[in-house]
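sequence isn't available, so here's the structure alone:
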């Protein structure tokens, strides 16, 4: 005949099972905390989603000849004191690799990108999905760099040698060398827009067309400014993260005309 269990023996038998449940619960809580922390770090600002979620960049090696770009606005400027201006894509879309914005450090004005930010954070994507906005046909990327307005420098990616056309109509008020680490690489062309003479549009990182002269006029999307310069050997280009090449590009900035001594 079996001896009866001593008081407390049944509770001892149940304790291992209760302890195991507690350990599993602690593991689940730790996983949830880690996931929540990761979400908070990546949800805001220009945090990059996984590469699989980004649109595939256009090839930079297409060699078929192409003409001037079709009309495609990629950024705008609207200020009460300086007026409004639209910047058009300066290269043929077949040659475009990616579009990026970052904060210039030289007093350039903040631009409003036209299109969809392809590397926006998770919460921004959820917000736009619920309330709308943040949509457009052309993807663009927010890049790191500079200490000015986060969209004051506009990079239009294209392979070296790609024809570059004027993104606005106006008068050439300056043609100068682009200096990097004391060396001259290509030119910077300053254009005073016809309809917004209170600002100057600077287009750089290109080899200027020799026919251009200060005082000459250019027409939006029709006047050839030059070709994209290859700067891959002299600087690390942030746009390369979103292209399948070295990230060469045309750089566009807009400054108040008064800051450049232009009236």
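It's in. None of these values were measured; they are calculated from a predicted model. Residues are numbered from 1 along each chain as shown.

residue 184 pairs with what?
Each beta-bridge partner of residue 184 is listed here: residue 179, as defined by DSSP bridges.

right, and it touches residue 204 too?
No. Between residue 184 and residue 204 there is no contact under C-beta atoms under 8 Å: 11.8 Å. All C-beta spots, glycine's among them, are computed from the backbone N, C-alpha and C.

any shared contact partners between those two?
Listed as contacting both residue 184 and residue 204 by C-beta atoms under 8 Å, 6 or more residues apart in numbering are residue 178.

those two: who's more crowded?
Set side by side, residue 184 and residue 204 give different neighbour counts by other C-beta atoms under 10 Å, the larger being at residue 204 (20 against 10).

mind listing residues that contact stretch 173-187?
Outside stretch 173-187, the residues touching it (C-beta under 8 Å, 6+ apart) are 188-192, 200, 204-208, 212-214, 226, 229, 231, 234-235, 260, 262.

now that stretch: buried residues?
By 16 or more other C-beta atoms under 10 Å, the buried positions in stretch 173-187 come out as 173, 174, 175, 178, 185, 186, 187.

what's the end-to-end length of that stretch?
Taking C-alpha to C-alpha, to the nearest Å, the first and last residues of stretch 173-187 lie 13 Å apart.

stretch 228-241 too?
19 Å.

can we start the residue count at 160 from this point?
In the new numbering, first residue 160, that becomes stretch 387-400.

neighbouring contacts of it?
Contacts of stretch 387-400 from elsewhere in the structure, counted by C-beta under 8 Å, 6+ apart, are 250, 256-257, 259, 261, 300, 302-304, 314, 316-321, 323, 337, 339-340, 342, 344-345, 364-366, 405-409.

which of these count as buried?
Buried by 16+ other C-beta under 10 Å: 250, 256-257, 259, 261, 300, 302, 314, 316-319, 321, 323, 337, 344-345, 364-366, 405-409, out of the contacts of stretch 387-400.

picking that back up, of the contacts of stretch 332-346, which belong to strands?
By the criterion of DSSP state E, membership of the contacts of stretch 332-346 in strands covers 347, 348, 349, 350, 351, 359, 363, 364, 365, 366, 367, 385.
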